[in-house]
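Enquirer: Return a 3D structure for these sequence lines:
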Amino acid sequence: MYLIGLIIAIIAVDQWSKWAIKSTFNLYQSKPVIQDVFHLTYVTNDGMAFGLSLPGGKLVLLVLTLLLTGFIIGLLWKEREGHPFVKFGLALILSGAIGNLVDRIIYGKVVDFLDFMIGDFHWYIFNVADSAVTIGMTLFIYHSVILHKDDSKNNVLV
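Expert: As a prediction, the model looks like this:
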């Protein structure tokens, strides 16, 4: 039940933050929070992560996102008694996927605004949903690659 609360909270923060940016910024407007390190910059993305596009356009991306969201829901249900890293990871991935899916359904594109840079290095502009997906994938991969591997070593018969 706590995972449902986490998912709802992340979706709510994601949608509220996107609404706040759209309500107070013009498209492509940028305001430094920490000059030359972190800015709030309002952009939109009608493609996938990092602005990549998919053959077939927005409709194919929307259908794939819906299918993958359903798959993640099923996987989260299957892992409901699993390791906390897996459950939290999947919950974060799901909340991020739903947050961006809402944008795609309503607006046909995703609002991005978190803009980090260090010197000449400028990362892609992203949002709260993207952050949730990234953190969730990190937890899921950490469990799958590191913790699960350690479990396998402990279960080897000698």
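
Enquirer: residue boundaries of the helices in this protein?
Expert: With DSSP state H as the criterion, the chain has helices at 2-24, 57-78, 84-107, 128-141, 148-154.

Enquirer: surely Leu92 meets Ile10?
Expert: Yes: Leu92 is within contact range of Ile10, at 6.9 Å (criterion: CB atoms under 8 Å). C-betas here are computed from N, CA, C, even on glycine.

Enquirer: Between the two, which contacts overlap?
Expert: Taking CB atoms under 8 Å, 6 or more residues apart in numbering as the contact rule, Leu92 and Ile10 both touch Ala132.

Enquirer: which residues touch Leu27?
Expert: Applying CB under 8 Å, 6+ apart, the residues contacting Leu27 are Tyr42, Val43, Thr44.

Enquirer: got a pLDDT number for it?
Expert: pLDDT recorded at Leu27 is 97.

Enquirer: Return the distance of it relative to Val13.
Expert: 22 Å (CB to CB, to the nearest Å).

Enquirer: thinking Val86 is in contact with Lys78, fair?
Expert: No: counting by CB under 8 Å, Val86 does not reach Lys78; the two are 9.8 Å apart.

Enquirer: When those two are compared, which one has more neighbours?
Expert: Val86 (22 against 11; other CB atoms under 10 Å).

Enquirer: so what's Pro123 closest to, chain neighbours aside?
Expert: Quick fix: residue 123 reads Trp, not Pro. Of all residues not flanking Trp123 in the chain, Phe116 sits nearest, at 4.8 Å (CB to CB, 6 or more residues apart in numbering).

Enquirer: Give me the number of neighbouring residues for that neighbour.
Expert: 15.

Enquirer: Run through the bridge partners of it.
Expert: On the basis of DSSP bridges, Phe116 is bridged to Phe38.
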